[in-house]
Structures are given as C-alpha cells and as structure tokens.
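J.: Sequence first, then the predicted structure, then my questions.
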Amino acid sequence: MKIATFNINGVNGRLPVLLRWLEKASPDVACLQELKAPDERFPRREIEKAGYGAIWQGQKSWNGVAILAKGRDPLVTRRGLPGDVDDAQSRYLEAAIEGILVGCLYLPNGNPAPGPKFDYKLRWIQRLTTYAEELLELDIPVVLAGDYNIIPTDLDVYKPERWRRDALFRPEVREAFKALTEEGWVDALRTLHPDERLYTFWDYFRNAWGRDAGLRLDHFLLSPSVAHRLSAAGVDKPVRGWDKTSDHAPAWIELADAEG
DNA sequence: ATGTCCATCACGGATGGA
C-alpha cells in the first residue's frame, strides 16, 4: 500500500497538478494539506473521476485537509485535533483505510517567532504529542502524515545557520519532533534514508528550487505496529518543477501487506 | 527586509499568509 502526503497549496488553483500527480503516482492513499477552500468548493467530482473517494475538512482562504483513497471511501474517525474545542482551524483529519488509521495533519507554520503564532504552534504540537501518546497506547497501525512545518535536523535544510531562529527550526520545535520519535514513532523517510539530503519544500522566493535550497517539512510518523511493514519511501521531487505547482513536493511511503 | 504566489474582497489593487 502506497500512502502519500502533498501540501497542494490551493486545491482548486492547482487542481491540474493534483490530477496529473494522482495519475502518475497512483497512491492508494493521499493526504492533502492547504486546500485553501471551504467545504463546498472542494473539487469532489474531479477527484472522483480520477478514481478516488475523499473526505475533507475545508476552510475559507487558509488551511484545509483532505484524505483521498483509491477506489474506496475513507471512513472518518476524527475531525480536528483533540485538546482545544475553540481551535477552529482545519488542520487535522483522520480516517480508517484498509486496517490503518491515517491521520492527515497540517501543523501551524508559527512564524514570526516569537509571537502569538509561534505560541499557537507550540500549543498545537503539545496537543499532537498528547494525542499521539494515546494512539500509541492503542497498539494499532497508525500513520501520521502531513506538513509538520518542522525541519527535524541540520541534514534536512540546505543552510542550517540561516534558519536557526525560524519557527520551522527553533530548538523547542525540533526537540518536540525528536521526542515523538523517542516515544516510538518512526520517521519513515529518515529511517530508510539515514544519510541522504531529502527535501519536500522549496520556497517560491529567491529561486530556491533552481538552487535546490530546500527543506524537509513533510513527514510520515509510523506507529511501531505498522513500522515493520515499511518497505520504501521517497519524494516525488520532479512535481516541484511542474508548471503552476505547489511549493511542496509530494512524499510517499510503501507498506508491505499485513501478515495473516 | 527581501523575494513569489494565491485567495480575498469587490472589481483594482492592497492585504494576509505561507
């Protein structure tokens, strides 16, 4: 089973890119972030025509997440991250697909830091950490996929010094990500590619793509009960070079079939 | 600070968010 995550950066504005990528990559499951569209403007028909069932949690102008499943409808298990009933931002959606709990997340960017946006990011990370602990206790296959807006280590950024004070790379943010992995969550891409420079995002500014000035922001965290099935992982880097594309490239993992 | 891109509101261009 192939699971992908793609910060599409506007699901309607970049619908041709999404459909082209779905056709080419043919993931079984696709987690999308930054729909930037309210629920009623989610392009359900076009996505269905491409062979995918979908659930989504939209929002006008910003945020918005969706989960697509090839040839089936994802079964919603949760809308919104627990821990703050007043949080109205559409950043978390979860579904059960083929015996796997798939969480699609869009973690806050948090810039400028310090400031209220960074405080919100830290609170969101805390909520995610708490919820992730609950998920681990269930001892079931869970994949938390999405745009974490976290650069985990120096290996995940073209020029670490330039990003030290940025909300994506501040120590407390990196430490929170590291803590998740120490609790048992497996960073799929880094596990299969321990020494490789892998980026999933290139800024639109300053010819970042042309210079390969990238960041690794999009991650898969796997619960132990599914991590042993991890057989491959990568980034669909060429997508970032397409016309009218997102500033993120899709990332993907391949899971072997469950035994029994 | 800058750079690019897009949606928004409201119909041209500023603004916000990333």
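T.: Looks like it arrived, so ask away.

J.: going forward, measure contacts between C-alpha atoms and count neighbours the same way
T.: Will do.

J.: and the stretch 101-250 of chain A, which of its residues are near DNA strand B?
T.: A:108-111, A:204-206, A:244-245 (CA under 7 Å from any atom of the strand).

J.: give the contact list for residue A:152.
T.: Shown in contact with residue A:152 (CA atoms under 8 Å, 6 or more residues apart in numbering): A:169, A:174, A:177-178, A:216-217.

J.: swap that for residue A:113, please
T.: A:165-167.

J.: Can you pull out the low-pLDDT segments for chain A?
T.: Counting by pLDDT under 70, chain A contains low-confidence ranges at A:260.

J.: Identify the residues contacting the residue lying closest to residue A:73 once chain neighbours are set aside.
T.: Spatial nearest neighbour of residue A:73, chain neighbours left out: residue A:53 (4.5 Å); criterion: CA to CA, 6 or more residues apart in numbering. Residue A:53 makes contacts with A:47, A:68-74, as judged by CA under 8 Å, 6+ apart.

J.: Which members of those residues are the farthest-apart pair?
T.: Maximum pairwise distance among the contacts of residue A:53 (CA to CA): 13.4 Å, between A:47 and A:74.

J.: Overlap of the contact sets of these two?
T.: A:53-54.

J.: In terms of neighbours, single out the busier of these two.
T.: The residue with more neighbours, out of residue A:47 and residue A:74, is residue A:74; 21 against 18, by other CA atoms under 10 Å.

J.: Verify the stated contact: that one with residue A:100.
T.: No. In this structure, residue A:74 is not within contact of residue A:100 by CA atoms under 8 Å, at 10.5 Å.
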